[in-house]
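>>> Pasting a predicted model and its sequence here:
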Number of protein chains: 2
Amino acid sequence: MKIVVDAMGGDHAPEAIVAGAIEAVKEFQVTVVLVGLKDKIEAELQKYQYDQKLVEIIHAPEVVGMDEPATVSIRKKKDSSISEGLRLLKDPQYNAFISAGNTGAVVAAATIYLGMLEGVDRPAIGTVLPTLKNVAFLMDAGANTEAKPVHLLHSAHMASVYAREVLSIENPTVGLLNIGEEAGKGGTSTKETYKLMQEHVSNFTGNIEANEVYSGKCDCIICDGFVGNIVLKVSEGLMENTGKLIKREVKKNPFALLGALLLKLNLRQAKKLVDYSEYGGAPLLGVNGIVMIGHGRSSPKAIKNAIRATIREVEHKIIDRMITEVKK
Amino acid sequence: MKIVVDAMGGDHAPEAIVAGAIEAVKEFQVTVVLVGLKDKIEAELQKYQYDQKLVEIIHAPEVVGMDEPATVSIRKKKDSSISEGLRLLKDPQYNAFISAGNTGAVVAAATIYLGMLEGVDRPAIGTVLPTLKNVAFLMDAGANTEAKPVHLLHSAHMASVYAREVLSIENPTVGLLNIGEEAGKGGTSTKETYKLMQEHVSNFTGNIEANEVYSGKCDCIICDGFVGNIVLKVSEGLMENTGKLIKREVKKNPFALLGALLLKLNLRQAKKLVDYSEYGGAPLLGVNGIVMIGHGRSSPKAIKNAIRATIREVEHKIIDRMITEVKK
């Protein structure tokens, strides 16, 4: 198995990417193909000892910046590590592609170079979220901001397969993110989506309200890319700003400070639960190939775990299973 | 000044509602008009000593349940405390209406009995959110789930007036909630809204991403009612479930438990910041009258603060000012 990794993508590239790739090589005995500026990759690799048969380098002369508009990057940088890495997947010896780089550029390039999965019209990004019980799989996290009901139906099918095969959730339930629990809530398009899912998704449990996203009520939570982005970013901002607020208050009071220290030292397990790097990355589903998008701030551990997730996707033949599910 | 209060609305009605009304009567010397089942209101009132000239009771024989569909409640319960209370506002001696009851029913009845504000097509609900710096005013929290660009433009105008007049924010900034900061982000409708706001909203500061909602970056945050509902409910659910998670972990470890106790005892100020009852309620803007919707779980303090907010709305002639702003 060969996993292609964009060595140039992410805020800490190539250092963190190469470090994570080497960890994965050692832990999973998989071949990692690093794509990007050859000199830089080689310089990073010299820091490690590893089985050289399991690491390949493929030179790509261009690098897409984290904030570059996706369309421009696609047109002007045809030989970027993103485009080059994705094109490799046409050769069946390369099984999956991972990038912690520019999300928009990865989505656009994957759509162009891999094409869509049979029966699917639009790509969608899934995200694994921690819940009180286990994890939930939210989709779409931002690839398709103007999703039609049928796109959301496809997302439901693909998310079910991913949750079952990669996250090992038996008979995953599927909920439609909505502003009320009752059928008939939401706008015209949401109501139509509800009907479609009721007819075609076997484990559909109806609407799920946003306050239940983290409760573990539902395994797969389906929404369009605009709403999904809002869910993730509000969560991120709320945690960050609550943290800042508590820190500010804690500094004013020595007893509170002591309490915070004691709590921090003893809450490792809770922290692990909300640590994105445990899940590695966000799968881009709907394109005709296994693609994983890492967080821009990906650490070596996140990259290693992203590689682990793609290995599972390959082993569980997720592409074939998604095609079958969508056709049902 | 006479503030009409739905005595039957909310999970703790009529007890909490009457208690809050009496607190307001004492603190603000305002007349409160309690609408609902006369017997029940009188029984509650007997618990308190107060200036009887400042409390009126108006009997309404029907009560709308918290989960009743709005349309049904409007058609079948024309003499509910909500409908009766709102109809009172046609008489200029009654200045504002407050209900912690069924939100959908209040929005529908207010639209029918008060009509729309001159120049405004759809009502919207505003919510005051705590931020790291002060507060932000998010609108729409759920009245209009399929808002067109022009509806969002009107929301921007109304929110500015509310933030300035009621929340005392000087020159409030207005941001459009979007999935990226740059102009040109989001779907067709969001892009059109951006253009409209750029042309017509004087303090428009562009897009705001959801991770900045609580940072204090922007005073008024504009979005449609679907997205606004998601923002509020995700926040609510995340805080609740993180709390549960920490509690569960803390119980396993005595040091963590001690830390949590010390923190809890010393974080009163931070707690106050995230206490919805400080802000009382969510104004329903766009209808031709002052209407405030309380949280279903409203405490007496929340009701008192909702009354305080409507007094400010009346004193600052918010209806006239909104009409002027929308016409600009």
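Structure's in. What do you need?

>>> Chain B contacts on the stretch 51-200 of chain A?
Counting by CB under 8 Å from any CB of the partner chain, the stretch 51-200 of chain A comes close to chain B at A:131, A:132, A:142, A:145, A:146, A:177, A:179, A:186, A:187, A:188, A:190. C-betas here are computed from N, CA, C, even on glycine.

>>> OK, contacts around whichever residue of the stretch 1-150 of chain A sits closest to chain B?
As assessed by CB to the nearest CB, chain B sits closest to residue A:146 within the stretch 1-150 of chain A, at 4.2 Å. Counting by CB atoms under 8 Å, 6 or more residues apart in numbering or on different chains, residue A:146 touches A:224, A:226, B:187, B:188.

>>> got the phi/psi numbers for the last one?
Note on residue B:188: its backbone torsions stand at phi -50, psi -50 [degrees, to the nearest 10].

>>> Would you list the buried entries among the contacts of residue A:146?
Neighbour counting by 16 or more other CB atoms under 10 Å in any protein chain shown classes A:224, A:226, B:187 among those as buried.

>>> so what's residue A:126 up against?
Per CB under 8 Å, 6+ apart, neighbours of residue A:126: A:137, A:138, A:139, A:140, A:141, A:158, A:159, A:162, A:282, A:283, A:285.

>>> again, only this time at 7 Å
A:137, A:138, A:139, A:141, A:159, A:162, A:282, A:283, A:285 (CB atoms under 7 Å, 6 or more residues apart in numbering or on different chains).

>>> For stretch A:135-145, what does the pLDDT average out to?
Across stretch A:135-145, the average pLDDT comes to 94.

>>> next one: stretch A:279-299
92.

>>> Could you do stretch A:51-59 as well?
97.

>>> buried sites along that stretch?
For stretch A:51-59, by 16+ other CB under 10 Å, it's A:54, A:55, A:57, A:58.

>>> Then stretch A:156-176?
Neighbour counts using 16+ other CB under 10 Å place A:156-167, A:169, A:172-176 of stretch A:156-176 among the buried residues.

>>> Isn't residue A:191 up against residue A:184?
Yes: taking contacts as CB atoms under 7 Å, residue A:191 lies within contact range of residue A:184: 6.5 Å.

>>> Sort out which of the contacts of residue A:146 are in strands and list them.
With DSSP state E as the criterion, strands contain none of those.

>>> can you list the domains in chain A?
When chain A is parsed into structural domains using automatic domain parsing, the resulting residue ranges are A:1-120+A:278-317, A:124-252.

>>> possible to save those as JSON lines with distance to residue B:299?
Listed next are these as JSON lines, based on distance: least, CB to CB, whole Å:
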{"stretch": "domain A:1-120+A:278-317", "distance to residue B:299": "39"}
{"stretch": "domain A:124-252", "distance to residue B:299": "20"}
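
>>> Tell me which of those domains sits nearest to residue B:251.
Distance to residue B:251, taken as CB to CB, is lowest for domain A:124-252 among these, at 14.2 Å.

>>> Among the contacts of residue A:146, find me the one that's closest to residue A:93.
residue A:224 (35.8 Å).

>>> count of neighbours near the spatially closest residue to the closest one that is not a sequence neighbour?
In space, residue A:224 comes closest to residue A:147 once its chain neighbours are excluded; the distance is 3.8 Å by CB to CB, 6 or more residues apart in numbering or on different chains. Residues lying near residue A:147 (other CB atoms under 10 Å in any protein chain shown) number 26.

>>> for the one 5 residues further on, same thing?
For residue A:152, the tally of surrounding residues (other CB under 10 Å) stands at 26.

>>> Done for today, thanks.
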